[in-house]
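Participant: Have a look at this fold, sequence not included:
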Ligand SMILES: Cc1cc2nc3c(=O)[nH]c(=O)nc-3n(C[C@H](O)[C@H](O)[C@H](O)COP(=O)(O)OP(=O)(O)OC[C@H]3O[C@@H](n4cnc5c(N)ncnc54)[C@H](O)[C@@H]3O)c2cc1C
Ligand SMILES: NC(=O)c1ccc[n+]([C@@H]2O[C@H](COP(=O)([O-])OP(=O)(O)OC[C@H]3O[C@@H](n4cnc5c(N)ncnc54)[C@H](O)[C@@H]3O)[C@@H](O)[C@H]2O)c1
C-alpha cells in the first residue's frame, strides 16, 4: 500500500492514455485519468475517425460516374454538407460515450478537466489536487501554424470537421499527411481545390514513386498544385466582399514570381507539435527536447516514476503506436513483463485519393543503407475495376529487396485498397521474409494484391 491517492494518474484520454489506463487497471492498479476535452483524443474526436468518414463521403462523387460504365444510370448527386457534418459529429459523440463506458467498466476513474503538475507526485485539475505513485503523460499534440502574416485566417484540421459552410474554393498549405488527405477529401466532396507545397511533390520522406504517383492522380482528379513555393513569402489576407469573406493567399513561386490565389477556406496543414504548454512540466523537472518530452525505450522520462507516450513524445505520431506504447508501459510496470515496442517497420497509410501505403524502407533509404545490393521490383497497371468504370487512376506497387536471398526491406503501394493490402503484407517485412516466400504464396485471382506474389 502506498500513501498516494492513486497508483497511476494518466493525463490525457486519447489513444495512448486510454489504452494504458485500462491495461494498468486490469493488472490491478488503482488508476485515474484526466481529460480536458471529449474522451477519445485526436484520433476519435478530430483525427483518424472523422477524417476516414469524410474520405468515405468523398468517394460517392466518383462512384456515380463510375457506376454508369457498369450500366447503372445514377443521377449526379449533390452534397448536403450540414447533414454530413452533423452525422459525423453524432458518430463522434457516440464514440466519446462509448469510451467513457469502457473506462467505467475497467474501473478507471475519469476526472474532467485539464491537468497540470504541482510537483513530481501531484497533479492539479481545476481546484482539486491528486497524488499518484506514478504519472503517465499522454497529452498528444496540436496543429502548429507558421508565424506568417495572416495565418490567423487559416483553419487547422480540427476545424475541418466543424465548418459552418462548405467552401466552394478550398486551398491547403502543406504537403504532408493532413494536407494531402484533405485536398483529396475536399475535391471528392466537390470543392475547387488548390494545394500549395514547398517541395516538388507531396509526402516528403515517402518513396519517390509513391510521391509522384499520388500527385499525378491528384492532378488527374482536378486538384491544382503550386509546388516549390518560397514558404517565407506566404501571406494570407481577408478581402471583405459583398456577402462573403474571401481570402487571398500570396506567395512567391520557385522562380520568384508573385502568385495569388483566392479561396473561401484555407487549411494550414503545416505540422503538429506536442501539447505541453499547459502542463507546467517545470514543476516536476521533466526534461523536454525539441518541444517533445524526452523518453527512454521504456517510455520513462528523466523522472523514473513519470512516463510519457504517444504524440507528446514525438516518436512516430500514429494511433496504433500510441496504443502499443501505452500497453507496453502498463505491462512492463504493472504486469511485471518488460515489453518494449519496436519503432522500426511501422506500416502507415495516407488516405489520399488514391491511397498510399508503405511498410519498411523506401527505395532511397534502402539504397542509402545497402547501396547496389538492393533490387527493386515495380509494377504499374490500371485496376480491372476501371476497365468499365473509365478514368485512368493507376495502381503502383513496389517491392524493395536486398542480397542474394532477396530479403524484403520495403513494400510501397499507391492505389485502391493500398492500406488494407499493405497492412496484411507488412507481416513479410516484420518476419524477415524473402521474395521467394512471396513467390511460393499462391496468388488470389483476380485481385490487385496478387501482383505482390507474381512480380518479375
Ligand atoms: C486530422 C488527423 C488525422 C489523423 N489520421 C490518422 C490516421 O488515419 N491514422 C493514424 O494512425 N493516425 C492518425 N492521426 C494521428 C493520431 O490521431 C495521433 O497519433 C494519436 O491520436 C495520438 O494519440 P495520443 O494518445 O498520443 O494523443 P491524443 O489522441 O491527441 O490524446 C491526447 C488527449 O490529451 C488531452 N489533453 C491534452 N492536454 C491535457 C491536459 N493538460 N490535461 C488533460 N487532458 C489533456 C487531449 O484533449 C486529448 O484528448 C491523425 C491526426 C490528425 C490530426
Ligand atoms: N493517415 C495517417 O496515418 C495520418 C493522417 C494525418 C496525420 N497523421 C499524423 O499526424 C502528423 C502530422 O501531420 P501533418 O500533415 O500536419 O504534418 P507533416 O509533418 O506530415 O506535414 C507538414 C507539411 O507542412 C509543410 N510545411 C511546414 N511549414 C510550412 C510552411 N511554412 N509553408 C508551407 N508548408 C509548410 C511541410 O513541408 C510538410 O509538407 C503526421 O506526421 C502523422 O504522423 C497521420
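Facilitator: Arrived safely. Predicted model only: the values in this text are computed from it and were never measured. Ligands and ions are numbered 1, 2, ... in the order given.
Participant: and residue 324, what helix or strand is that in?
Facilitator: Following DSSP states H and E, one finds residue 324 within helix 319-333.
Participant: Also residue 398?
Facilitator: Following DSSP H and E, one finds residue 398 within strand 395-402.
Participant: which secondary structure elements does that strand contact?
Facilitator: Packed against strand 395-402 by the contact rule (3 or more CB pairs under 8 Å, 6 or more residues apart in numbering; DSSP states H and E) you find helix 208-220, helix 363-370, strand 374-381, strand 407-414, helix 435-439. Just so you know, the C-beta spots here come from the backbone N, C-alpha and C atoms, and that holds for glycine as well.
Participant: Need those in TSV (columns: mean neighbour count and distance to residue 307).
Facilitator: TSV is the format used below for the helices and strands packed on strand 395-402 (neighbours: other CB atoms under 10 Å; distance: least, CB to CB, whole Å):
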stretch	mean neighbour count	distance to residue 307
helix 208-220	20	34
helix 363-370	16	30
strand 374-381	16	38
strand 407-414	25	31
helix 435-439	16	38
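Participant: Looking at the ones you listed, spot the one closest to ligand 1.
Facilitator: helix 208-220 (15.3 Å; CB to the nearest ligand atom).
Participant: Check whether that closest one comes into contact with ligand 2.
Facilitator: No: Helix 208-220 stays clear of ligand 2 (CB under 6 Å from any ligand atom), getting no nearer than 10.8 Å.
Participant: What parts of the stretch 351-456 of the chain come near ligand 1?
Facilitator: Nowhere does the stretch 351-456 of the chain come near ligand 1, counting by CB under 6 Å from any ligand atom.
Participant: And the nearest residue to residue 265 once chain neighbours are set aside, how far from ligand 2?
Facilitator: Computed as CB to CB, 6 or more residues apart in numbering, the closest residue to residue 265 that is not its neighbour in sequence is residue 167, at 3.7 Å. Residue 167 sits at a distance of 19 Å from ligand 2 (criterion: CB to the nearest ligand atom, to the nearest Å).
Participant: Please look at residue 167 and residue 247 and confirm they touch.
Facilitator: No: with contact defined as CB atoms under 8 Å, residue 167 does not count as touching residue 247 (9.6 Å).
Participant: What's the nearest residue in the protein when you look at ligand 2?
Facilitator: For the chain, CB to the nearest ligand atom, closest residue to ligand 2: residue 176, 1.9 Å.
Participant: How about the contacts made by that residue?
Facilitator: Residues near residue 176 by CB atoms under 8 Å, 6 or more residues apart in numbering: 202, 203, 204, 269, 270, 271.
Participant: what's the closest of the residues you listed to residue 93?
Facilitator: Closest approach to residue 93 among the contacts of residue 176 (CB to CB): residue 269, at 25.0 Å.
Participant: What is the neighbour count of that closest one?
Facilitator: For residue 269, the neighbour count with other CB atoms under 10 Å is 26.
Participant: what about the residue of the stretch 301-450 of the chain found nearest ligand 1, neighbour count?
Facilitator: Among all residues of the stretch 301-450 of the chain, residue 310 sits closest to ligand 1, at 2.0 Å; criterion: CB to the nearest ligand atom. Burial of residue 310 is recorded as 36 neighbouring residues (other CB under 10 Å).
Participant: Check residue 66 too.
Facilitator: 19.
Participant: Same check on residue 274?
Facilitator: Neighbour tally, residue 274, other CB under 10 Å: 24.
Participant: So what sits opposite it in the bridge?
Facilitator: Residue 274 has these beta-bridge partners by DSSP bridges: residue 141.
Participant: What's opposite residue 237 in the beta bridge?
Facilitator: Here residue 237, judged by DSSP bridges, has bridge partners residue 248.
Participant: can you list the residues of the stretch 1-150 of the chain near ligand 2?
Facilitator: residue 146.
Participant: of all the residues in the chain, which ones are close to ligand 1?
Facilitator: 11-17, 34-37, 41-43, 47-48, 51, 114-115, 138-140, 157, 178, 275, 278-279, 310-311, 317-320, 322.
Participant: 5 Å instead?
Facilitator: 11-12, 14-16, 34-37, 41-43, 47-48, 51, 114-115, 138-140, 157, 275, 310-311, 317-319, 322 (CB under 5 Å from any ligand atom).
Participant: Can you flag the buried ones in those?
Facilitator: Neighbour counting over those (16 or more other CB atoms under 10 Å) leaves 11-12, 14-16, 34-37, 41-43, 47-48, 51, 114-115, 138-140, 157, 275, 310-311, 317-319, 322 as the buried ones.
Participant: mind checking the backbone torsions on residue 393?
Facilitator: phi -70, psi 120 (degrees, to the nearest 10).
Participant: An error on my part: the question was meant for residue 125.
Facilitator: Note on residue 125: backbone dihedrals following degrees, to the nearest 10 are phi -130, psi 110.
Participant: That one contacts residue 117, doesn't it?
Facilitator: No: taking contacts as CB under 8 Å, residue 125 lies outside contact range of residue 117: 11.2 Å.
Participant: give the contact list for the spatially closest residue to residue 188 that is not a sequence neighbour.
Facilitator: For residue 188, ignoring the flanking residues on the chain, the nearest one in space by CB to CB, 6+ apart is residue 58 at 2.6 Å. Contact analysis of residue 58 by CB under 8 Å, 6+ apart lists 184, 185, 186, 187, 188, 189, 353.
Participant: Looking at those, which are in helices?
Facilitator: 184, 185, 186, 187, 188 (DSSP state H).
Participant: coming back round to it: isn't the residue of the stretch 301-450 of the chain closest to ligand 1 right next to residue 16, touching?
Facilitator: Yes: Residue 310 is in contact with residue 16 according to CB under 8 Å; the separation is 3.4 Å.
Participant: hey, what's in contact with both of the two?
Facilitator: Taking CB under 8 Å, 6+ apart as the criterion, residue 310 and residue 16 both touch 138, 140, 322, 325, 326.
Participant: could you redo the residues you listed as CSV and give each row distance to residue 98?
Facilitator: Compiled in CSV, the shared contacts of residue 310 and residue 16 are given as follows (distance: CB to CB, whole Å):
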residue, distance to residue 98
138, 19
140, 19
322, 18
325, 22
326, 18
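Participant: These into CSV, with extra columns for distance to residue 65 and pLDDT?
Facilitator: As requested, the shared contacts of residue 310 and residue 16 are exported to CSV (distance: CB to CB, whole Å; pLDDT from 0 to 100):
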residue, distance to residue 65, pLDDT
138, 44, 98
140, 39, 98
322, 38, 98
325, 43, 98
326, 43, 98
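Participant: For residue 240, give me its contacts.
Facilitator: By CB under 8 Å, 6+ apart, no residues touch residue 240.
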